[in-house]
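*Asks:* With the sequence up front, the predicted model follows.
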Amino acid sequence: MSNTRKTDKKASATDRMRVARAQAERSDRIRRRVVVGGASAAVLALVAGVAFAVGGSSGSGSNAANGPLVVPANASGTNGTVITYGKADAPHTLDVYEDFRCPFCEQLETTTGKVIQQLADDGTYKVDYHLATFLDNNLGGKGSRTALAAAGAALNEGVDKFKAFHDVLYANQPDERSDAFGDVNHILDLAGQVPGLKTDAFVKAVQDGTYAPWAAKVNEEFNKSDVTGTPTVKLDGKKLDVLNNGKAVSPEQFTAMVKQVTG
């Protein structure tokens with residue numbers, strides 16, 4: 001083999017390693033979120049940037065957060081910022097912290113989501129969803145805010161409608177570099193996959209950004225938590241390790257973790 005060919009192969013291998021390292025670093029950055037209340041000026045500046053990005057949007061369907069606060073029917077928790085799925089008298093509570101643009105959340109929902117729902121349907125626990133929009137700041141765009149505001153419109157139609165729409169969004173999550181969820185028409189197209197969701201009231205609420213101020217409040221409450229990455233899942237306050245080496249645990253592994261906590 002000529003020296004030139006050896007050099008070319010070595011360069012090619014180096015390039016592949018560089019790309020792999022860049023992808024790993026990008027994924028790690030996506031999992032990190034801004035923690036409100038940090039002491040450094042840099043952290044405070046980033047937090048201000050998040051608030052500005054959310055509050056500075058304007059226009060029809062843009063999810064501007066400067067309109068009147070409208071809390072969806074069926075919301076729960078502090079200031080109506082939590083979405084509870086399952087039986088109200090369930091003996092345990094599963095807290096799920098997510099961002100609709102988070103690729104690791106997508107892994108969890110598409111791998112283990114069905115058993116998470118099944119255990120709620122069986123009455124093992126109820127699920128409290130705590131949603132965030134911090135990835136709009138990390139990645140640019142408004143997809144997290146647009147999706148969350150639309151989820152508020154779905155919640156207003158019913159908890160089951162919210163859950164079905166939530167699942168459709170994760171099943172159709174765009175590439176992390178894309179802001180496809182920022183397109184209201186695309187969000188409405190996806191909503192069409194949920195039977196009975198696209199009522200006139202739902203469509204108008206999504207187009208007008210009716211629940212954008214609510215989405216901002218939901219994100220504010222998320223920021224007050226001690227959660228430092230998504231997805232984070234806690235059962236009765238105990239954190240469950242739902243990611244293993246960057247991969248979502250299997251349904252069987254998740255069920256075993258739940259049984260270990262609930263006895």
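*Replies:* That came through fine. Numbers count the residues shown, from 1 in each chain.
*Asks:* The stretch 101-250 of the chain: helices as residue ranges?
*Replies:* Along the stretch 101-250 of the chain, counting by DSSP state H, counting those that start in this stretch, helices occupy 103-121, 134-139, 143-157, 159-171, 184-191, 200-208, 212-223.
*Asks:* ok now the third one, how far from the chain's centre?
*Replies:* On the basis of Cα atoms, centre = their mean, to the nearest Å, the separation between the geometric centre of helix 143-157 and that of its chain is 11 Å.
*Asks:* residues near the closest residue in space to H92 that isn't next to it in sequence, how many?
*Replies:* Residue nearest to H92 in three dimensions, not counting chain neighbours: Y125, with 3.8 Å by Cβ to Cβ, 6 or more residues apart in numbering. Just so you know, the C-beta spots here come from the backbone N, C-alpha and C atoms, and that holds for glycine as well. Y125: 23 surrounding residues under other Cβ atoms under 10 Å.
*Asks:* For Y125, grab phi and psi.
*Replies:* Y125 adopts backbone torsions of phi -150, psi 170, taken as degrees, to the nearest 10.
*Asks:* what's the distance between A216 and S225?
*Replies:* Look at A216 and S225: by Cβ to Cβ, to the nearest Å, they are 16 Å apart.
*Asks:* and those two? which has more neighbours close in?
*Replies:* A216 (24 against 15).
*Asks:* was I right about V206 contacting V184?
*Replies:* Yes: between V206 and V184 there is a contact under Cβ atoms under 8 Å: 6.0 Å.
*Asks:* who has more neighbours, the two?
*Replies:* Ranked by neighbour count (other Cβ under 10 Å), V206 and V184 place V206 first, with 25 against 21.
*Asks:* OK, contacts around that one?
*Replies:* Neighbouring residues of V206 by Cβ atoms under 8 Å, 6 or more residues apart in numbering: G61, A149, A150, A153, V184, I187, L188, A191.
*Asks:* where's the residue nearest to F100 when sequence neighbours are not counted relative to C102, distance?
*Replies:* Nearest residue to F100, sequence neighbours excluded (Cβ to Cβ, 6+ apart): A147, at 4.0 Å. Remark: distance between A147 and C102 (Cβ to Cβ) = 11 Å.
*Asks:* With K126 instead?
*Replies:* When K126 is compared with C102 (using Cβ to Cβ), they lie 22 Å apart.
*Asks:* now swap in T210 and tell me
*Replies:* 24 Å.
*Asks:* Which one's more surrounded, those two?
*Replies:* C102 (27 against 22).
*Asks:* Contacts only, for the residue sitting nearest the centre point of the chain.
*Replies:* In the chain, the residue lying closest to the centroid (Cα atoms, centre = their mean) is D99, at 1.7 Å. By Cβ under 8 Å, 6+ apart, the residues touching D99 are R33, C105, L131, A132, T133, F134, L135, S144, T230.
*Asks:* what helix or strand does the residue nearest to K238 when sequence neighbours are not counted sit in?
*Replies:* Ranked by Cβ to Cβ, 6+ apart and with sequence neighbours excluded, the top spatial neighbour of K238 is V261, at 5.6 Å. Applying DSSP states H and E as the criterion places V261 in helix 251-262.
*Asks:* Other residues contacting that helix?
*Replies:* Here helix 251-262 has contacts from 91-92, 94, 111-112, 114-116, 119, 124-125, 235-236, 238, 240-242, 244, 249, using Cβ under 8 Å, 6+ apart.
*Asks:* do the same with stretch 228-239
*Replies:* Residues contacting stretch 228-239 (Cβ under 8 Å, 6+ apart): 31-33, 35, 92-99, 102, 104-105, 108, 125, 132, 240, 242-243, 257-258, 261-262.
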